[in-house]
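In: Can you look at this prediction? I've put the sequence above it.
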Amino acid sequence: MPALLAASLQVCHTILLRVVRAWLRERARMKPTGKAFFVSEQRKPLHRSTVNLALRKYSTAASLPLLAHPHMLRHACGFALADQGADTRLIQDYLGHRNIQHTVKYTATNPARFEKLWR
């Protein structure tokens with residue numbers, strides 16, 4: 001893995017850990033009724049329809065050409081890793097794919113990745 005990619009992934013993971021820790025502190029302050037990671041203002045598990053509704057609302061507000069859904073965030077992560085030059089096996093492991101063919105679609109669709117190859 002290129003050093004720059006490794007460094008950028010490390011930065012992303014460091015930021016993610018900070019965000020998760022901050023959320024866990026906030027969540028503990030809320031004293032939720034259950035063990036769900038994401039909870040609503042009512043301290044109950046956040047329902048998937050609430051997340052879908054929020055994504056739909058924000059994709060409309062951002063004038064996106066289509067309505068976003070939670071699985072698109074997963075796809076965006078896979079494409080971003082591929083665009084940064086991450087190894088296909090690393091992406092497979094990161095996304096939890098059992099079959100490499102499910103991961104190949106992220107690396108096979110962006111010909112711009114090859115522009116710097118022969119420079």
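Out: Now that the structure is in, tell me what you want to look at.

In: Quick one: name whatever helix or strand follows the worst-scoring helix or strand of the chain on mean pLDDT.
Out: Lowest mean confidence among the helices and strands of the chain (mean pLDDT, DSSP states H and E): helix 3-30, at a mean of 74. Scanning forward in sequence from helix 3-30 by DSSP states H and E, the next helix or strand is helix 48-61.

In: what comes into contact with that following helix?
Out: For helix 48-61, contacts defined as C-beta atoms under 8 Å, 6 or more residues apart in numbering pick out 38, 40, 66, 67, 68, 69, 70, 72. From N, CA and C alone the C-beta is placed, and that goes for glycine too.

In: which residue packs closest to the first one, ignoring adjacent ones?
Out: Nearest residue to residue 38 in three dimensions, chain neighbours excluded: residue 46, at 4.0 Å (C-beta to C-beta, 6 or more residues apart in numbering).

In: One more: the second one?
Out: Taking C-beta to C-beta, 6+ apart, and ignoring the residues beside it in sequence, residue 40 has residue 46 as its nearest neighbour in space, at 5.2 Å.

In: burial measure for that neighbour, as a count.
Out: 16 (other C-beta atoms under 10 Å).

In: quick one: contacts for it?
Out: Residue 46 makes contact with 36, 38, 39, 40, according to C-beta under 8 Å, 6+ apart.

In: Going through the residues you listed, which ones are buried?
Out: Neighbour-count burial (16 or more other C-beta atoms under 10 Å) applied to those gives residue 39.

In: Just give me the closest of the contacts of residue 46 to residue 106.
Out: residue 38 (25.8 Å; C-beta to C-beta).

In: And that closest one, how far from residue 63?
Out: 27 Å (C-beta to C-beta, to the nearest Å).

In: Low-confidence ranges, this protein, go.
Out: Counting by pLDDT under 70, the chain contains low-confidence residues at 1-13, 109-114, 116-119.
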